[in-house]
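> Give the three-dimensional model of this entry:
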Amino acid sequence: MYLLEGKPVPDYATFARFRSIHFAPCAKRILAEMSNLLYELGEISGESIFIDGTKIETCANKYTFVWKKAVTKNQEKLLIKIADLIAECEQLYGIQIVYGDTVKMKHVKRLRKKLYALKQEENIVFVHGIGKRKTRLQKNIETLEDYLDRLKGYTKKLHICGKRNSYSKTDPDATFMRMKEDAMGNGQLKPVFNLQHGVDSEYIVWLTVGPQPTDTQFWIVLKYGFFTKKTIVSIDTAQLYRENREKGSCRFTIY
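Reported below is the predicted structural model:
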C-alpha cells in the first residue's frame, strides 16, 4: 500500500509492532480460515498432510544459557542455608518462623520483617566501611537480604523455563537444543526455535514454533488438534511411525 500511496518504506519497528501487537493474536485463526477456504475451493484435499520441520538458530549468544537443572540444584542448596539461618535467629533472638518441609519466600520475608523490627527496638545503627565493627544482627540481616535476592532470582529463572530445560538470557523464548553437526563434525547446543509445518497440495496448512527439542513431541500437539483417523500423514520420523501404527491413530507414510 505504501508503494501505491507514494509513502516511504516502513521501518523495521513498524513491521515488528504489527507482528507482535496485531498479527500474533490472530495468526492461528487466519491460518485456519485460509486452510478452510482452500479446502472449499478444492485446492487442498484434506486427506493427506506432509509434516517436516527444522531448527532455526536465534541471534542470542550461545554462552547466555540458563539450565533448569543447575538452577534447581542451586535453589535447593540455598533453601538449606536459609533454614540454617532461621534456626540461628531463633537461637540468638528467640524469633520463631514456622514452616513445613520446605522454606518458602513468605517465610524469608517474615523473618526479615521481624529482624528489622528487632533492629528498631534496640536502636541499632548499621555501620559500613573499613574499621567499623558490624553487630551480629546486621550481619544476619545482610546475609538474609543476599539469600532473598538469590531466591527471587532462582524463582524467576524457573518461571521463565516453565516446562523447558533451558533458555537464553538475551532471548528467553529460545531453547538450547543440539544442532546438526557442521562440516568439522561438531555438534553444539545453541539457542534455537523448532519450526514445524504441515503441507497439503503444496500449501502450508499447519505451522507452529515451539521449544520441543524433537519432532515426536510436536506430533502430540498436532495429532489432537488438526486431523482425524482418516488423514494420511507423511512424516520423517520412524519412531513416530511405529508408535502410532501400533495404536492405530492414523495412517502413515515415511519419507
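> three-state assignment of Val205?
Here Val205 is recorded as strand under DSSP: H, G, I helix; E, B strand; the rest coil.
> What about it, how many residues nearby?
22 (other C-beta atoms under 10 Å). Just so you know, the C-beta spots here come from the backbone N, C-alpha and C atoms, and that holds for glycine as well.
> List the contacts of it.
Leu31, Ser35, Leu38, Ile44, Ile49, Gly198, Val199 (C-beta atoms under 8 Å, 6 or more residues apart in numbering).
> Need phi/psi at the fourth one.
In other words, Ile44. Backbone dihedrals for Ile44, given as degrees, to the nearest 10, come out at phi -120, psi 150.
> For the chain, which strand extends over the most residues?
The single longest strand within the chain, with elements called by DSSP state E, is strand 189-200.
> the helices in the chain, which residues?
For the chain, the helices defined by DSSP state H cover 2-5, 12-17, 27-40, 68-93, 105-121, 136-161, 215-223, 238-247.
> what stretches of the stretch 1-150 of the chain score poorly on pLDDT?
Counting by pLDDT under 70, the stretch 1-150 of the chain shows low-confidence ranges at 1.
> What pLDDT does the model give Lys247?
Per-residue pLDDT puts Lys247 at 52.
> Ser234 now?
pLDDT at Ser234 comes out at 60.
> Any idea which residue is closest to the centre of the protein?
Nearest to the mean C-alpha position of the chain, counting by C-alpha atoms, centre = their mean, stands Cys161 at 3.8 Å.
> I'd assumed Ala70 was in contact with it.
No. Cys161 is beyond contact range of Ala70, at 10.8 Å (criterion: C-beta atoms under 8 Å).
> Neighbours of Leu111, how many?
Leu111 has 25 nearby residues by other C-beta under 10 Å.
> For the closest residue to it other than its chain neighbours, give me phi and psi.
Spatial nearest neighbour of Leu111, chain neighbours left out: Ile97 (5.1 Å); criterion: C-beta to C-beta, 6 or more residues apart in numbering. The phi/psi pair for Ile97 (degrees, to the nearest 10) reads phi -120, psi 110.
> what's near enough to touch Ile97?
Ile86, Cys89, Glu90, His107, Arg110, Leu111, Lys114.
> could you redo the last one with a cut-off of 7 Å?
Ile97 is in contact with Ile86, His107, Arg110, Leu111, counting by C-beta atoms under 7 Å, 6 or more residues apart in numbering.
> Give me the neighbour count for the first one.
Other residues near Ile86 number 21, with proximity taken as other C-beta under 10 Å.
> With Arg110 as the reference, measure out to it.
Separation of Ile86 from Arg110 (C-beta to C-beta, to the nearest Å): 10 Å.
> same check, this time on Lys163
31 Å.
> Who has more neighbours out of those two?
Comparing Lys163 with Arg110 by other C-beta under 10 Å, the one with more neighbours is Arg110, at 16 against 7.
> Excluding chain neighbours, give the residue nearest to that one in space.
For Arg110, ignoring the flanking residues on the chain, the nearest one in space by C-beta to C-beta, 6+ apart is Ile97 at 5.9 Å.
> Which one, of the helices of the chain, ends up nearest to Met179?
Nearest of the helices of the chain to Met179, taken as C-beta to C-beta: helix 215-223 at 14.4 Å.
> so what's the nearest residue to Asn74 once chain neighbours are set aside up against?
Spatially, and ignoring its direct neighbours in sequence, Asn74 is nearest to Tyr154 (6.4 Å; C-beta to C-beta, 6+ apart). By C-beta under 7 Å, 6+ apart, the contact list for Tyr154 reads Val71, Asn74, Gln75, Leu78.
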